[in-house]
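Visitor: Give me coordinates for this.
(chains A and B)
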Amino acid sequence: DQQVKQNSPSLSVQEGRISILNCDYTNSMFDYFLWYKKYPAEGPTFLISISSIKDKNEDGRFTVFLNKSAKHLSLHIVPSQPGDSAVYFCAASAGRSSGNTGKLIFGQGTTLQVKP
Amino acid sequence: DTGVSQNPRHKITKRGQNVTFRCDPISEHNRLYWYRQTLGQGPEFLTYFQNEAQLEKSRLLSDRFSAERPKGSFSTLEIQRTEQGDSAMYLCASSPLRGNSYEQYFGPGTRLTVT
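Guide: The predicted structure follows:
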């Protein structure tokens, strides 16, 4: 049972344009969502997060949008740069309340290629 | 702050052998997680430590797997009688106990190949 899904295995965009990566989830208990970036031979690097009480969080070129009713979130990168080329993982957590350990449930990842 | 470190970075072993991996979390982080990642998939949760206590284990963690975190510092993950299906990247992550954030900081991983 895949609780977090990234249905696009890959995405290719031109440098300077917007990259939009999508993620869907099924578990209503998730209350915190994160995006990680991963380069080959490295561990995932935290990028940006959003709590379920918000619908948008922005950090520089990166913005995450959350639509709780649709159980959908997206990551926007504007403008995209060649150095953004990596695998992007969406992750969700049920939080640390009620004994939850804060473990992360990851999607399958989307490989972003930004062409110069 | 040197980040999360993992050793070894690569391990090749023959089926049936035992292997042990080590994770050194960020020094002030009380929470430590182990994940496993296979090709084309995202990381999957294996187990969680809060200080020295192992508080959650995934069903993915069969009886051949054992993890420890003595004194709440570094952690080890041991796989006994390895099988080819154990070939994967094993990732360790840590996070602070306090605060409202849920971000976890990952190490570079240990890539295990079972031949």
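
Visitor: What separation do you get for the spatially closest residue to B:P96 that is not a sequence neighbour and A:A70?
Guide: Closest residue to B:P96 apart from its sequence neighbours, by CB to CB, 6 or more residues apart in numbering or on different chains: B:H29 at 5.3 Å. Just so you know, the C-beta spots here come from the backbone N, C-alpha and C atoms, and that holds for glycine as well. B:H29 is 34 Å from A:A70, where distance means CB to CB, to the nearest Å.

Visitor: ok, those two, which is more surrounded?
Guide: Set B:H29 next to A:A70 and count neighbours by other CB atoms under 10 Å in any protein chain shown: B:H29 wins out with 16 against 9.

Visitor: Now for the residue nearest the centre of chain B: which residues touch it?
Guide: By CA atoms, centre = their mean, chain B has its centre lying nearest to B:W34, at 3.2 Å. Going by CB atoms under 8 Å, 6 or more residues apart in numbering or on different chains, B:W34 touches B:23, B:45-48, B:67, B:75, B:77, B:90-93.

Visitor: Which residue is the nearest non-sequential neighbour of it?
Guide: B:W34's closest residue in space is B:L46 (CB to CB, 6+ apart), at 4.2 Å.

Visitor: show me what contacts that neighbour?
Guide: Counted by CB under 8 Å, 6+ apart, B:L46 has contacts B:33-36, B:57-58, B:60-61, B:65, B:67, B:77, B:90.

Visitor: Correct me if wrong: A:T63 contacts A:H76.
Guide: Yes - if you go by CB atoms under 8 Å, A:T63 and A:H76 touch, sitting 4.5 Å apart.

Visitor: Can you report how many residues neighbour residue 68?
Guide: The chain I'm using is chain A. Neighbours of A:K68 (other CB under 10 Å): 15.

Visitor: Correction: the question concerned chain B.
Guide: Neighbour number of B:E68 under other CB under 10 Å is 13.

Visitor: What of B:K71?
Guide: B:K71, neighbours per other CB under 10 Å, totals 7.

Visitor: and if you look at B:Q50?
Guide: With other CB under 10 Å as criterion, B:Q50 counts 17.

Visitor: For it, name its beta-bridge partners.
Guide: B:Q50 forms beta bridges with B:R31, B:A53, as assigned by DSSP bridges.

Visitor: The residue nearest to B:G85 when sequence neighbours are not counted bridge partners, please.
Guide: Closest residue to B:G85 apart from its sequence neighbours, by CB to CB, 6+ apart: B:V114 at 7.9 Å. Here B:V114 sits in beta bridges with B:T13, as judged by DSSP bridges.

Visitor: How about A:H72: which residues does it bridge to?
Guide: Beta-bridge pairing for A:H72 (DSSP bridges): A:D24, A:N67.

Visitor: Which pLDDT value goes with it?
Guide: pLDDT, A:H72: 97.
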